[in-house]
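Chemist: Got a predicted structure here, sequence first:
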There are 2 protein chains.
Amino acid sequence: MSKPARLPWKHEPSFREALKIPRGFRLADLDPASTPGFQGGKADGSRALAAGEAELDDLQERLHAQATAGAPEAVLLILQAMDTAGKGGIVRHVAGLVDPQGLQITAFKAPTDEERSHDFLWRIRRALPRPGRIGIFDRSHYEDVLVVRVNDLAPRAVWSKRYAAINAFEREVVGTRITPVKVMLHLSREEQQKRLLERLERPDKQWKYNPGDVDARTRWEAYMEAYQAVFDRTSTREAPWHVVPADRKWYARLAVQRLLIEHLREVAPRWPAPSFDPEVERQRVLES
Amino acid sequence: MSKPARLPWKHEPSFREALKIPRGFRLADLDPASTPGFQGGKADGSRALAAGEAELDDLQERLHAQATAGAPEAVLLILQAMDTAGKGGIVRHVAGLVDPQGLQITAFKAPTDEERSHDFLWRIRRALPRPGRIGIFDRSHYEDVLVVRVNDLAPRAVWSKRYAAINAFEREVVGTRITPVKVMLHLSREEQQKRLLERLERPDKQWKYNPGDVDARTRWEAYMEAYQAVFDRTSTREAPWHVVPADRKWYARLAVQRLLIEHLREVAPRWPAPSFDPEVERQRVLES
């Protein structure tokens, strides 16, 4: 069994409070190299990340356990970001440290013909986490108001109605006891350039490079405007957005880990009471 | 990037050779507390497991990478065992150490009504790993000749034809470049009793206990006969069975890790050649 983590801070900061976007939030005002809610540097950040592993692990196992007894709760981490911002690293180094049997990861690519023939939320609904799971969306329904808007993949009349549809959908999701944790990893254009160049230099990273990434770079401002519209229109009380500065990978990983822990604490999953009499079962096992 | 592991042995043993069942194999002759292919004790085993992580990680990432460039190869770990033998721990502590985005885990329970309305291999086919993935079956189509046979859930005329159907199916699977790694975790009846009692004692483990597990215990010999029939009839050249003694958890984890590594080495996944000119792309990134 995992023990509660001993944290490297005396008064634990609330990353949720530090990262949830306030009313009137302007993305342009947030420094992608900043570390809201955290005073230390990279080494402190790695220590804090390691210190949180056991608690996240324990919370995930309780979430899973209580679902086997019928509890409906699940958690859904929604990750949105420009390329190279570190979504994959977060799935690997944050979520990847809990039991993989408790994860339900979906990477949304350009929709298939079948997906395109349905409403944009069709494939999203199908990927919602089952009770007890931590779902992870690597990209999400927000692409339908981001890449679609920036590249005119649908008329304005179509995508402009989607913000309200998303809010209604997420309200419904919350109603089924799925806790959404919406995270945008905020990367600077300069840091992205460095990371793309690094991918091109390393034979073991080249496969992650996609020439299309440069096209998105040339529309950077349009993307930032589209993200701003997302924040203005879809950060609700039930499902607020968190913007995580992502130029420092160690900070982004720590921040997302803490966001998961803080949300899971609120879900407060508990070991389920047994549906059998343990003493009777003990005798049965001993006699078998 | 992960570096090749430095192993704690001078001459690396082949777990594949040590664990692949030989012609005429008798399950009853294999000691569940033995450690075939490994000389050391628990501490050595943990060191060896840690030493293998980086290589498994690297092989998994290459497998995933080459699939993005169209390579069809995948690996499928099929885990069968009596309850408490440690399947979940292996998924968590062996497979769970690679990138969860590269795993495709399916736990097969008693079939649903829909699944039951199809051929027994229908749900199995749907769960086969995509190219680049390490698929894991926590139980599998073998339940259709194990629990079904032991509990008379289908007439003998039905289940007795399934061995040949399984062999044909697995031949087909191998033909699509999925490498099956079939593993039975071999637990002793005494060790299972200890583990069931432990589950009953710990509030954080009770939820894993199922009164039905005792019923299976009372049919232990019938299960062992059913497993023996599986080995006699479905251990083929393309898809042989490996029987892993499982009374020592550390050994079972190490053995399955080494089996995965040895099979992946044979798949020999490689970083794909870029489909673009890296120098041209470097210029594009620099100018963007």
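Modeler: Ah, there it is.
Chemist: How about the residues of the stretch 1-150 of chain A by chain B?
Modeler: Within the stretch 1-150 of chain A, the positions near chain B by C-beta under 8 Å from any C-beta of the partner chain are A:1, A:61, A:65-66, A:68-69, A:88, A:91-92, A:95-96, A:99-101, A:103, A:105, A:107, A:138. In this view, the C-beta of every residue, glycine as well, is placed from N, C-alpha and C.
Chemist: Show only the entries of the residues you listed found in strands.
Modeler: Taking DSSP state E, the ones among these that sit in strands are A:103, A:105, A:107, A:138.
Chemist: Would you write a PyMOL line that selects the buried entries of those residues?
Modeler: Buried residues within these, by 16 or more other C-beta atoms under 10 Å in any protein chain shown, are selected in PyMOL with:
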select buried, chain A and resi 103+105+138
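Chemist: pLDDT added to the ones in strands among the residues of the stretch 1-150 of chain A next to chain B, as CSV?
Modeler: Putting those into CSV (pLDDT from 0 to 100) gives the following:
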residue, pLDDT
A:103, 96
A:105, 96
A:107, 96
A:138, 97
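Chemist: tell me the two of the ones in strands among the residues of the stretch 1-150 of chain A next to chain B that are most distant?
Modeler: Using C-beta to C-beta, those span at most 12.5 Å, a distance reached by A:103 and A:107.
Chemist: Can you show me the strands along the stretch 1-150 of chain A?
Modeler: Under the criterion DSSP state E, counting those that start in this stretch, the stretch 1-150 of chain A contains strands at A:74-81, A:103-107, A:134-138.
Chemist: what's the second one in contact with?
Modeler: Outside of strand A:103-107, the residues within contact range by C-beta atoms under 8 Å, 6 or more residues apart in numbering or on different chains are A:91, A:95-96, A:127, A:129-130, A:133-139, B:100-101.
Chemist: same check, this time on the last one
Modeler: By C-beta under 8 Å, 6+ apart, the surrounding residues in contact with strand A:134-138 are A:60, A:63, A:74-79, A:87-88, A:91, A:95, A:98, A:102-108, A:124, A:127-129, A:178, A:260, B:101.
Chemist: strands paired with that strand, and their directions?
Modeler: Applying DSSP bridges to the sheet, strand A:134-138 is found paired with strand A:74-81 (parallel), strand A:103-107 (parallel).
Chemist: Export the first one to CSV, keeping only CA atoms.
Modeler: Listed in CSV are the C-alpha atoms of strand A:74-81, where the atom choice follows Å, rounded to 0.1, in the frame of the first residue of the first chain:
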residue,chain,number,x,y,z
ALA,A,74,-14.0,9.1,-12.6
VAL,A,75,-11.5,11.8,-13.4
LEU,A,76,-10.8,13.2,-16.9
LEU,A,77,-7.6,15.1,-17.6
ILE,A,78,-8.0,17.2,-20.8
LEU,A,79,-4.7,18.3,-22.3
GLN,A,80,-4.5,20.9,-24.9
ALA,A,81,-1.3,22.6,-26.2
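Chemist: Nearest residue to the middle of chain A?
Modeler: Geometric centre of chain A, nearest residue: residue A:77, 3.1 Å, by C-alpha atoms, centre = their mean.
Chemist: if you skip the residues just before and after it, what's nearest to residue A:273?
Modeler: residue A:69 (7.5 Å; C-beta to C-beta, 6 or more residues apart in numbering or on different chains).
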